[in-house]
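K.L.:
Have a look at this fold, sequence not included:
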């Protein structure tokens with residue numbers, strides 16, 4: 001029988017007994033965001049949760065309940081996207097991290113399935129504030145896409161991005177039942193130097209890239225790369 005690594009599944013006495021062994025805790029973070037006509041709104045949630053669960057098995061970690069909403073300003077105008085302000089996201093993440101630290105947890109990984117720059121900056125600031133209040137607590141803030149995108153130019157075009165070949169393949173491997181039949185091809189034309197949401201002409205779908213070659217086999221390869229890289233980084237940053 002597989003070990004249940006979910007923090008929400010254990011009782012208070014078990015928590016107290018294991019806390020003294022300095023366990024690693026993974027906090028998945030997602031977003032409810034449009035990913036084109038073929039991927040679910042919760043693609044970032046399901047990727048973060050699946051990766052956290054698999055990583056917990058490798059590192060004997062606890063997985064905290066997911067922070068399911070993020071900041072998604074680029075995709076905000078697409079149907080279904082729920083985008084928090086940076087201040088709201090930071091405050092929520094900070095509140096959770098402060099409470100985990102107050103409970104005596106000293107090794108925490110914030111693992112986001114959504115990699116938008118402002119979103120990640122808000123999570124990092126929440127972690128930094130927590131460590132200022134609890135100097136014995138160390139927190140790593142990572143996105144699985146820090147490592148997925150290492151494969152751009154290798155297993156996908158260098159221009160691949162949000163909802164593209166790599167992400168579509170990964171979701172096909174992790175949750176194939178959530179992936180639709182469409183395989184969009186979208187060129188992103190907005191400048192990163194212009195604030196605000198892209199126009200429909202600059203970004204006609206919430207996708208960047210050509211998804212036609214997506215496959216579960218490629219997704220499994222991507223996921224193994226992500227897990228290897230995450231495990232290696234976390235072992236270095238947050239040793240027992």
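P.N.:
Thanks, I have it. Because the structure is predicted, anything quoted here is derived from the model rather than measured.

K.L.:
quick one: residue 150 and residue 225 touch, right?
P.N.:
Yes - using CB atoms under 8 Å, residue 150 is in contact with residue 225, at 7.3 Å. From N, CA and C alone the C-beta is placed, and that goes for glycine too.

K.L.:
Poorly predicted segments of this protein, please.
P.N.:
1-2 (pLDDT under 70).

K.L.:
quick one: the helices in this protein?
P.N.:
12-19, 43-59, 86-102, 117-133, 145-148, 165-174, 216-237 (DSSP state H).

K.L.:
Turn the ones you listed into TSV, columns for distance to residue 70 and mean neighbour count.
P.N.:
Listed next are these as TSV, based on distance: least, CB to CB, whole Å; neighbours: other CB atoms under 10 Å:
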stretch	distance to residue 70	mean neighbour count
helix 12-19	27	11
helix 43-59	7	22
helix 86-102	6	18
helix 117-133	5	18
helix 145-148	12	20
helix 165-174	15	26
helix 216-237	18	16
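
K.L.:
just so I know, which of those lies nearest residue 71?
P.N.:
helix 117-133 (4.2 Å; CB to CB).

K.L.:
And for that closest one, what's in contact with it?
P.N.:
By CB atoms under 8 Å, 6 or more residues apart in numbering, the list of residues contacting helix 117-133 from outside reads 29, 31, 70-73, 86-87, 89-91, 93-94, 97-98, 101, 108, 110, 112, 137-141, 143.

K.L.:
Neighbours of residue 69, how many?
P.N.:
19 (other CB atoms under 10 Å).

K.L.:
centroid residue for this structure?
P.N.:
residue 113 (1.6 Å; CA atoms, centre = their mean).
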